[in-house]
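Trainee: Return atomic coordinates for the entry below.
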Amino acid sequence: MMKRTRKPDARGQRGQSIAEFALILPILATILVAILEFGMAFDADLALEAASREGARVGASLGNDGTQGICPNATAEAVVDPGIVKTVKSSLLGAGVNMTSVTIWIFGADASGNPATDINKYSWNIGTSTFDKQSGNFTACGRHDGTFGGGVYDDIGVQIQYTYTSKTGLLAIFTGGLPMTARAVMPIGPPWQLLP
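Mentor: Down below sits the predicted model:
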């Protein structure tokens, strides 16, 4: 006697495939959202790094606005730090960073790159859409640019603190947001002069 073999039911296989897909879809969606979220957070971190470097570069080139040892000097104070802050703001806006959770530090750095002097702290003012100085007395006119006191120069540091908030809701577990910090330090050079 010959045994009959049953053919698999095509409708049953389709139903099983749909059920398996329904089980795997939330996992795939979560992985995709996680990739997007961490990509955006990484992009914000890169923007902070670039903005801190640009700010330090401007601070190093402006130095003390050519007013070494002449303090107080309103011209230096009105040009140097506002120039640094403007550069940082422009760089961060170009990267789409939310300014309301940004704080900028400008300081004289020690050999390890840590603040060695008073820190000028700037926070975002929502009403005026500008960064306002909150504290600090690291005067621009007192910064050594290598042209005063036997070639002594200071290192200037720019640090940006930012709180990244979740764009997709995946990082909602960090209720206060994800804190990020970027710092750059550069030596203050002599004032730039145009060649004839």
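Trainee: low-confidence ranges in this protein?
Mentor: Scanning the chain for pLDDT under 70 picks out the ranges 1-14, 69, 148-149, 172-175, 191-196.
Trainee: go again using 80 as the cut-off
Mentor: Per-residue confidence for the chain (pLDDT under 80) gives these ranges: 1-16, 66-72, 146-152, 169-176, 189-196.
Trainee: For the protein, which segments count as helices?
Mentor: 10-62, 74-94 (DSSP state H).
Trainee: Between the ones you listed, which one is closest to Val102.
Mentor: The minimum distance between Val102 and the helices of the chain falls on helix 74-94, with 6.5 Å, by Cβ to Cβ. Heads up, the C-betas are built off the backbone N, CA and C, glycines and all.
Trainee: For the closest one, list every residue counted as buried.
Mentor: Of the residues in helix 74-94, 76-77, 79-85, 87-89, 91-92 count as buried by neighbour count, 16 or more other Cβ atoms under 10 Å.
Trainee: which residue is nearest the middle of the protein?
Mentor: Central residue check for the chain by Cα atoms, centre = their mean: the C-alpha nearest the mean position is that of Leu48, 1.8 Å away.
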